[in-house]
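Novice: Starting from these lines, generate the structure:
(one chain, ligands or ions: 2)
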Amino acid sequence: MIDQYGRSITYLRLSVTDLCNLRCRYCMPAEGVSKKRHGEMLTEDEMIRAVEAAARLGVTKLRVTGGEPLVKPNIVSICGRAARVPGIDEVCLTTNGVLLPELAADLRRAGVRRVNLSLDTLRPDRYAAITRCGTLEKALAGLDAALSAGFDKIKINAVLIGGFNDDEIADLAELTRRYPVDVRFIELMPMPGGEAFGPECYLPVSRVLDALPKAAPESSDGVARLYRLPDAQGHIGLISPLSQHFCADCNRIRLTADGRIKPCLHSAEEISIKGLDDAGMEEQLRRAIYGKPACHGELSADSRSLSARNMNQIGG
Ligand code: SAM
Ligand code: SF4
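Specialist: Numbers count the residues shown, from 1 in each chain. Ligands and ions are numbered 1, 2, ... in the order given. Alright, predicted model coming up:
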C-alpha cells in the first residue's frame, strides 16, 4: 500500500516479545522490563492474522525481532506459519545469536531465509560490558550455527559507539573477508530506556570509511550504503539514522508484541490491533500506513527519540 507521501510500504517488523536474555546498555535498563500480563500480549494466532492482514495490504517482507525473539518458546512455529502466509516472500530474523546453536537449523527449516546477528565488539571484556551480562563466546557460537544452517544471507549488525568500539572497525570489517557475511555499522540512536551516552559516543558512520581506506563503494541496499573490501565475501554496510536519515525512502512499519502498530520508530504514535478481528486489524494497519509521518524529528545526544518505548519493546 502507498502512504500519504507516496512511499510504498512493503516491510513489516514484528516484535514477538519485549523480553531479552541480554541487557545492552543502549537498548534497555539494567533491571530489564517488568513482565506484562500474558493477556496484554498478542497471541501467536493474532500475530499470524496481523501478518496476513499486512500481506493483504502489500507487505512482502517480514522481519521477526524483539526483545530477543529466540527466548520466545514458540518462535519456530511463529516463523514457520509466517513464512507460509500468502504474499510474504521473505521471513528474516534479528537476534543476538546466543540461542542460535539450539535453534538455527529449526528456524532455517521453518522458512527463515535471512538472519541479522547483533555483535558490537570482538573483545570478550567489551562484549560483557556492553551487554551487561553476555559472553562473546556464546554470540560467536551463534554466528557459527547461523553459518552452518545455510541461511540465504547473514548480516552482522554493530552499533558504532565512540570510545567503545571505534577502534575495532577494521577487526569487525575483517569478518567480511573471513566469512560470507555483511557487516553493517549502525549509528547509535538516543532511545528511551537506554543509558545516556555522552556526545562523544555519537559518531557518524562516515568514520567507518576513514578506518577502511580500501573499501570501495557498491550500490545501496535498503537503508544501508554498501562498500566492499578487496577480496571480501560480503559487504560493509553503513546505516545512518542520525547523520543522514532515510525517511524519504522508508518502506516499513512496526508491530509491537503487545499489538501496537508504530508507523515510525521515533514517533510516540501507536495504533492498537490487540483483540481485533481480521477486518479490524486490516483497517488499523491501513490507517497506520496511510498516516505514516513524513519524517522523524532531529536525533542527537541532546535530542532523544520521541518514541514512548525502549528499543527492546520495538525491535530496532
Ligand atoms: N535482540 C535482538 C538483537 O539484539 O539483535 C533483536 C532486537 S534489537 C532491539 C534490534 C537491533 O536494534 C539490534 O541490532 C540492536 O543493536 C539495535 N539497537 C538497539 N538499541 C539501539 C540504539 N539505541 N541505537 C542503535 N541501535 C540499537
Ligand atoms: Fe536484547 Fe537486542 Fe536490546 Fe541487546 S539490543 S538488550 S540483545 S533486545
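Novice: interface residues of the stretch 101-250 of the chain facing ligand 2?
Specialist: When proximity is defined as CB under 6 Å from any ligand atom, the stretch 101-250 of the chain approaches ligand 2 at S118. In short, each C-beta sits where N, CA and C put it, glycine included.
Novice: Looking at the stretch 101-250 of the chain, what residue ends up closest to ligand 2?
Specialist: Closest residue of the stretch 101-250 of the chain to ligand 2, CB to the nearest ligand atom: S118 (5.7 Å).
Novice: That residue is in contact with T94, isn't it?
Specialist: Yes - because the distance of 7.1 Å satisfies CB atoms under 8 Å, S118 is recorded as touching T94.
Novice: okay, and the common contacts of those two?
Specialist: Taking CB atoms under 8 Å, 6 or more residues apart in numbering as the contact rule, S118 and T94 both touch N157.
Novice: Tell me the pLDDT of the residue in the chain positioned nearest to ligand 1.
Specialist: Closest residue of the chain to ligand 1, CB to the nearest ligand atom: G316 (2.9 Å). With respect to pLDDT, G316 scores 87.
Novice: That one against L14, yeah?
Specialist: No - in this structure, G316 is not within contact of L14 by CB under 8 Å, at 11.7 Å.
Novice: Next, the buried residues of the host helix or strand of K138.
Specialist: Using DSSP states H and E, K138 maps to helix 136-149. In terms of neighbour count (16 or more other CB atoms under 10 Å), helix 136-149 has its buried residues at 136, 138-143, 145-147, 149.
Novice: distance of R309 from V64?
Specialist: In this view, R309 and V64 are 18 Å apart by CB to CB, to the nearest Å.
Novice: Neighbour count: those two, which is higher?
Specialist: V64 (27 against 22; other CB atoms under 10 Å).
Novice: doesn't the more buried one fall inside a helix?
Specialist: No - V64 is assigned strand when assessed by DSSP: H, G, I helix; E, B strand; the rest coil, not a helix.
Novice: picking that back up, ok, which pair from the buried residues of helix 136-149 is furthest apart?
Specialist: Largest separation among those by CB to CB: L136 and A149, giving 20.2 Å.
Novice: could you pull out the strands for the stretch 51-200 of the chain?
Specialist: 61-65, 90-95, 112-118, 153-160, 182-187 (DSSP state E, counting those that start in this stretch).
Novice: How about the second one and ligand 2, any contact?
Specialist: No - shown here: strand 90-95 not in contact with ligand 2 (CB under 6 Å from any ligand atom), separated by at least 7.8 Å.
Novice: Tell me which strands that strand pairs with, and in which orientation.
Specialist: Note on strand 90-95: by DSSP bridges, its sheet partners are strand 61-65 (parallel), strand 112-118 (parallel).
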